[in-house]
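**Student:** With the sequence up front, the predicted model follows.
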Amino acid sequence: MADKTPIDTLIDLMARLPGLGPRSARRAVLHLIRKRGQLLAPLAEAMAEVAATARECLNCGNVASGDICPICADIKRENGILCVVEDVADLWAMERSGVFRGRYHVLGGTLSALDGIGPDELRIPRLKDRLATERVSEVILALNATIDGQTTAHYIADELDGRVTLSSLAQGVPIGGELDYLDDGTITAALNARKQI
Ligand code: ZN
């Protein structure tokens with residue numbers, strides 16, 4: 001068998017992306033090669049820059065190009081109200097809806113006995129630190145309606161009980177539905193009708 005060419009390597013890597021398979025990867029790579037100047041070169045440059053600079057925000061766990069993400073650095077965002085999400089994709093979904101103007105805390109997953117993920121593997125200790133240092137008055141638990149998501153929400157509610165007003169997104173978030181799959185209107189309605197717990 002002939003050695004792999006750089007183009008084969010690129011196709012193999014692209015095929016590992018979510019939503020792409022080998023066929024879509026081949027089409028995408030062919031398109032990139034044909035648009036080398038307008039697309040391939042700028043894409044390669046943007047990827048190299050993200051690869052060199054992307055990291056987790058030290059404060060909230062969002063992705064950032066420096067120590068602190070743009071949301072934590074934004075002085076126009078409301079202080080004192082924290083929206084707790086499982087994953088950066090959930091944060092992006094909330095931001096897309098444009099309804100929330102407070103700040104976020106990204107847990108980085110859910111508690112899972114099966115996978116050996118306990119509170120210290122998530123950003124739960126950091127969440128408690130933030131309550132003290134940022135004068136948080138309300139925590140909105142915007143966790144997914146999966147079993148692990150709800151177990152995690154209950155755990156956090158118990159841990160923070162009495163220290164802060166706690167609320168969760170209203171019903172209407174479908175069972176097993178992840179925030180990222182909801183349309184903006186559903187997220188807005190779920191946030192506006194959030195219930196205190
Ligand atoms: Zn941040």
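**Tutor:** Arrived safely, thanks for sending. Residues are numbered from 1 along each chain as shown.
**Student:** Please look at residue 148 and residue 122 and confirm they touch.
**Tutor:** No: assessed by C-beta atoms under 8 Å, residue 148 is found out of contact with residue 122, at 11.0 Å. (Each C-beta comes from the backbone N, C-alpha and C, glycine too.)
**Student:** higher neighbour count, these two?
**Tutor:** Set residue 148 next to residue 122 and count neighbours by other C-beta atoms under 10 Å: residue 122 wins out with 22 against 18.
**Student:** Relative to residue 197, how far out is the more buried one?
**Tutor:** In this view, residue 122 and residue 197 are 19 Å apart by C-beta to C-beta, to the nearest Å.
**Student:** contacting residues for the closest residue to residue 21 other than its chain neighbours?
**Tutor:** Nearest non-adjacent residue to residue 21, counting by C-beta to C-beta, 6 or more residues apart in numbering: residue 15, 6.0 Å away. Residue 15 sits next to 21-22, 24-25 when contact means C-beta atoms under 8 Å, 6 or more residues apart in numbering.
**Student:** need those residues in TSV with secondary structure, pLDDT and neighbour count, can you?
**Tutor:** Shown next, in TSV, are those (DSSP: H, G, I helix; E, B strand; the rest coil; pLDDT from 0 to 100; neighbours: other C-beta atoms under 10 Å):
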residue	secondary structure	pLDDT	neighbour count
21	coil	92	11
22	helix	94	12
24	helix	96	13
25	helix	97	18
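**Student:** a markdown table please, covering those and showing distance to the ion.
**Tutor:** Putting the contacts of residue 15 into a markdown table (distance: C-beta to the ion, whole Å) gives the following:
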| residue | distance to the ion |
| --- | --- |
| 21 | 34 |
| 22 | 36 |
| 24 | 33 |
| 25 | 32 |
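**Student:** need the residues of the chain near the ion, please.
**Tutor:** 57, 59-60, 62, 69, 72 (C-beta under 5 Å from the ion).
**Student:** again, only this time at 8 Å
**Tutor:** 57-62, 64, 68-73, 103-104, 106 (C-beta under 8 Å from the ion).
**Student:** quick one, domains of the chain?
**Tutor:** 6-53, 69-196 (automatic domain parsing).
**Student:** ok, now how distant is the residue nearest to the spatial centre of the chain from the ion?
**Tutor:** Compute the mean C-alpha point of the chain, and by C-alpha atoms, centre = their mean the closest residue is residue 88, 1.0 Å away. According to C-beta to the ion, to the nearest Å, residue 88 and the ion sit 10 Å apart.
**Student:** for that residue, what are its contacts?
**Tutor:** 61-63, 106.
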